[in-house]
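Participant: Pasting a predicted model and its sequence here:
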Amino acid sequence: MSTARPSLGFAGIGLMGLPMCRRLLAAGYALTVWNRSPDKCDALVKAGARLAQTPAELCEAADVVLLCLADTAVVREVVFGAEGVAKGAKPGQLLVDFSSLEPTATREMAAELAAISGMSWLDAPVSGGTPGAEAGTLAIMVGGDAADLERVRPVLLNLGQRVTHMGPVGAGQVTKACNQMIVACNALVIAEVVALAEQSGVDASLIAEALAGGFADSKPLQILAPQMAESRFEPVKWHVRTLLKDLDTAVKFSREQGSATPLSGLAAQLMRLHGSQGYLQKDPATLIDLYRHKA
């Protein structure tokens, strides 16, 4: 990648990818986009993006290829599939993966991509949800070579208010797993709190306001508690399935490292129970339904 402003390719135009791409276009970057369902790219094409027919084609027009995909299996397919990124990759290009993946698999894929093509890999998972993606205030935790990060930092600063280099490839994914452990356990206990308040005759809609600024305060509390109290589950800003996937990743990785994560293991099982009752595609605010007394 040259020192000139890089051209960008982006794969994965979903809840997070769409607003991230809008910000990159607004910042003046030349952007090529790809998504498995091409119609999801229509708004970006109208705004000036170019549409690629395959992930490999992203590499033809881009110095940096950005991914924001569902899980490890999807990233592997998009990178190493028949028409994947690896087919078009060249030495000097950089892949930046915003997806939340298994750290061990990330390290393996980064090594494989470098061996095949010479393309470097940064794992750069994000936190802040769709509001953060829209406002450019995401927290971005990065694993990979520090020099590679500096080459792409100006791009990332259009998307996030904080970009932190956590260590070598995979370190960003470990940090995101830690983030999701805290978020998911927090979401579950907030649901318990709202249900307890309701069943005790306390106005649960006041919980977030009452606890603001105290030791129990958090962004999840301020976002989720009012939604839970009001049963306001639309529009869906993130998915139960995403939290479950990330908890499973964290528990699997902790087992590989010989580290105990009993609370996160329990949270994964509660999240799995909730998902099995038809909530996988729903907002985590629906976790309140685990605890409410049903008539």
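Facilitator: That came in fine, so what should we check first?

Participant: When you work out contacts or count neighbours from here on, use the C-alpha atoms and nothing else.
Facilitator: Noted.

Participant: For the lengthiest strand in the chain, list every residue counted as buried.
Facilitator: Longest strand in the chain by number of residues (criterion: DSSP state E): strand 160-167. For strand 160-167, a neighbour-count test (16 or more other C-alpha atoms under 10 Å) marks 160, 163, 165-166 as buried.

Participant: Of those, which is the nearest to A208?
Facilitator: Among the buried residues of strand 160-167, G160 lies closest to A208 (C-alpha to C-alpha), at 25.6 Å.

Participant: how close does R241 get to M271?
Facilitator: 8 Å (C-alpha to C-alpha, to the nearest Å).

Participant: okay, the two: which has more neighbours?
Facilitator: Using other C-alpha atoms under 10 Å as the criterion, R241 and M271 rank with M271 on top: 26 against 20.

Participant: Look at the more buried one and report its pLDDT.
Facilitator: Confidence at M271, expressed as pLDDT, is 98.

Participant: just I182 next, same as before
Facilitator: 98.

Participant: swap in P284?
Facilitator: Looking at P284, its pLDDT reads 97.

Participant: ok, back up a step: in the sheet, which strands lie alongside the longest strand of the chain, parallel or antiparallel?
Facilitator: strand 138-143 (parallel) (DSSP bridges).

Participant: From the rest of the structure, what touches the partner strand?
Facilitator: The contact list for strand 138-143 (C-alpha atoms under 8 Å, 6 or more residues apart in numbering) reads 122-129, 132, 149, 156, 159-173, 175-176.

Participant: Repeat the analysis, applying 7 Å as the threshold.
Facilitator: 122-128, 132, 159-172, 175 (C-alpha atoms under 7 Å, 6 or more residues apart in numbering).

Participant: Strands along the stretch 101-250 of the chain, start to end?
Facilitator: 120-123, 126-127, 138-143, 160-167 (DSSP state E, counting those that start in this stretch).

Participant: do you know which of those strands lies nearest A208?
Facilitator: Proximity to A208 (C-alpha to C-alpha) singles out strand 126-127 among those, at 20.8 Å.

Participant: I'd like the distance from the closest one to the chain centre, please.
Facilitator: Strand 126-127 sits 5 Å away from the centroid of its parent chain (C-alpha atoms, centre = their mean, to the nearest Å).

Participant: and it, what does it pack onto?
Facilitator: With contacts taken as 3 or more C-alpha pairs under 7 Å, 6 or more residues apart in numbering; DSSP states H and E, strand 126-127 sits against strand 138-143.

Participant: Show me the shaky parts of this protein.
Facilitator: In the predicted model, the chain carries pLDDT under 70 at residues 1-3, 295.

Participant: Identify the single longest helix in it, thanks.
Facilitator: What stands out as the longest helix in the chain, according to DSSP state H, is helix 171-199.

Participant: Find the nearest non-adjacent residue to W121, please.
Facilitator: Spatial nearest neighbour of W121, chain neighbours left out: L95 (4.8 Å); criterion: C-alpha to C-alpha, 6 or more residues apart in numbering.

Participant: for that neighbour, helix, strand, or coil?
Facilitator: Under DSSP: H, G, I helix; E, B strand; the rest coil, L95 falls in the strand class.

Participant: bridging residues for it?
Facilitator: Bridge pairing for L95 - DSSP bridges - gives V65, W121.

Participant: Cross-check the contact I'm expecting between it and D123.
Facilitator: No: if you go by C-alpha atoms under 7 Å, L95 and D123 don't touch, sitting 8.4 Å apart.

Participant: So for these two, which sits in the more crowded spot?
Facilitator: The neighbour count for L95 versus D123, taken as other C-alpha under 10 Å, is higher for D123 (30 against 25).

Participant: residues contacting the nearest residue to Q173 once chain neighbours are set aside?
Facilitator: Nearest residue to Q173, sequence neighbours excluded (C-alpha to C-alpha, 6+ apart): P103, at 5.2 Å. Contact partners of P103, counting by C-alpha under 7 Å, 6+ apart, are 170, 173-174.

Participant: Neighbour-wise, which one of these leads?
Facilitator: Highest neighbour count within these, by other C-alpha under 10 Å: Q173, with 31 neighbours.

Participant: picking that back up, could you export the strands of the stretch 101-250 of the chain as a markdown table, including distance to R76?
Facilitator: Shown next, in a markdown table, are these (distance: least, C-alpha to C-alpha, whole Å):
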| stretch | distance to R76 |
| --- | --- |
| strand 120-123 | 13 |
| strand 126-127 | 19 |
| strand 138-143 | 18 |
| strand 160-167 | 22 |
